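>>> Give me the fold of what follows.
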Amino acid sequence: MSIRKKLDISAYLVVGPENTKGMPVATIIKDAIEAGFTCVQIRSKVASARELIELTRQASDVISEANRADEVALLVDDRLDVILAARKQGIKVDGIHVGQADIPVEVCREYLGEDSIVGLSARTHELFEYIQTVDISQIDYFGAGPLHETITKPDCGLDRDGKVVTRSFADISKLAELSPIPVVVGGGVKLVDIPQLAQTGVDGFFVVTAVTEAEDPRVASTELVASWNSNSISKEKVK
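Below you'll find the predicted structure:
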């Protein structure tokens, strides 16, 4: 069975070299997946294509060495070229995450194939109408947020007027109820947010600095996963 068919976005780490306070990206990924993280996205706006390919290689190796290659999805943000080049070199990359202004999802699907994962950042403007009307046939999950404003992605949640729209827990509960596909929520998420976020019925949380800039990324990852697992409820219970 392809990892796309059993995709688990419950604990989703987004990481790049600019977010680690100098720690190796691979070390942080190792800590996170050994603590129970289920999805890893390589994202960097400063790394070159070659650097991104090497980071992807390291991440793939770490996941494989932990014997979790069939459980932990490895994605790359935006860079279809990086994924194709990595795969050409024999690196296992499971898919891509794109934003509204990135490469169209149908192009990603065409080049990456039916077994690959394609995630899409949900549109901020008219969010609830959008998730009910957009063609989801090529998309595996929505990324939504921000829960709080975040310096790691200052353009997250911008509406048409250039204002950041943060999402309340009530908004997120409605999103979970209305979305026809899984939803992962992030944007400034910290450990203190997890219990309430897990009660909204969304399928997972994503974090950057809560893990990557933690004093001890392994401890931080363990606490986040444990809190999610002890508080999460299924969509069926919410509806």
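>>> Could I get the buried residue list for the longest helix seen in the chain?
Of all the segments of type helix in the chain, defined by DSSP state H, the longest one is helix 49-65. Residues of helix 49-65 classed as buried: 52-63 (neighbour count, 16 or more other Cβ atoms under 10 Å). To be clear about C-beta, it is placed using only N, CA and C from the backbone, and glycine gets the same treatment.
>>> what's stretch 169-183 in contact with?
7, 9, 122, 127-128, 131-132, 136, 139-144, 147, 167, 185, 196-197, 199-204, 235, 238-239 (Cβ atoms under 8 Å, 6 or more residues apart in numbering).
>>> got JSON lines for the buried residues of helix 49-65, with distance to Leu191 too?
Below are these laid out as JSON lines (distance: Cβ to Cβ, whole Å):
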{"residue": "Leu52", "distance to Leu191": "29"}
{"residue": "Ile53", "distance to Leu191": "33"}
{"residue": "Glu54", "distance to Leu191": "31"}
{"residue": "Leu55", "distance to Leu191": "26"}
{"residue": "Thr56", "distance to Leu191": "28"}
{"residue": "Arg57", "distance to Leu191": "31"}
{"residue": "Gln58", "distance to Leu191": "26"}
{"residue": "Ala59", "distance to Leu191": "23"}
{"residue": "Ser60", "distance to Leu191": "28"}
{"residue": "Asp61", "distance to Leu191": "29"}
{"residue": "Val62", "distance to Leu191": "23"}
{"residue": "Ile63", "distance to Leu191": "24"}
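>>> Low-confidence ranges, this structure, go.
Within the chain, the ranges that satisfy pLDDT under 70 run 150-165, 234-239.
>>> So which of the contacts of stretch 169-183 sit within strands?
Counting by DSSP state E, the contacts of stretch 169-183 place 141-144, 185, 204 in strands.
>>> Just send these back as CSV, with neighbour count too.
Below are the ones in strands among the contacts of stretch 169-183 laid out as CSV (neighbours: other Cβ atoms under 10 Å):
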residue, neighbour count
Tyr141, 23
Phe142, 26
Gly143, 24
Ala144, 28
Val185, 28
Gly204, 24
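>>> What is the nearest of the residues you listed to Asp115?
Of all those, the one sitting nearest Asp115 is Tyr141; the distance, using Cβ to Cβ, is 15.4 Å.
>>> if I look at the closest one, how far off is Thr20?
Tyr141 sits 25 Å away from Thr20, going by Cβ to Cβ, to the nearest Å.
>>> circling back: with respect to Lys92, which of the ones in strands among the contacts of stretch 169-183 is nearest?
Tyr141 (19.5 Å).
>>> so that closest one sits right up against Ile9, yeah?
Yes: using Cβ atoms under 8 Å, Tyr141 makes contact with Ile9 at a distance of 5.6 Å.
>>> between the two, what contacts are shared?
Listed as contacting both Tyr141 and Ile9 by Cβ under 8 Å, 6+ apart are 119, 182, 184, 203.
>>> and the third one, how many neighbours?
Just to be clear, that refers to Val184. Val184 has 22 neighbours, counted by other Cβ atoms under 10 Å.
>>> correct me, but it touches Phe205?
Yes: Val184 is in contact with Phe205 according to Cβ under 8 Å; the separation is 6.7 Å.
>>> joint contacts of those two?
Tyr12.
>>> List the contacts of stretch 1-12.
Contacts of stretch 1-12 (Cβ under 8 Å, 6+ apart): 32, 36-41, 70-71, 73, 94-95, 114-117, 119, 140-141, 182, 184, 186, 203-207, 221, 224-225, 228-229, 232.
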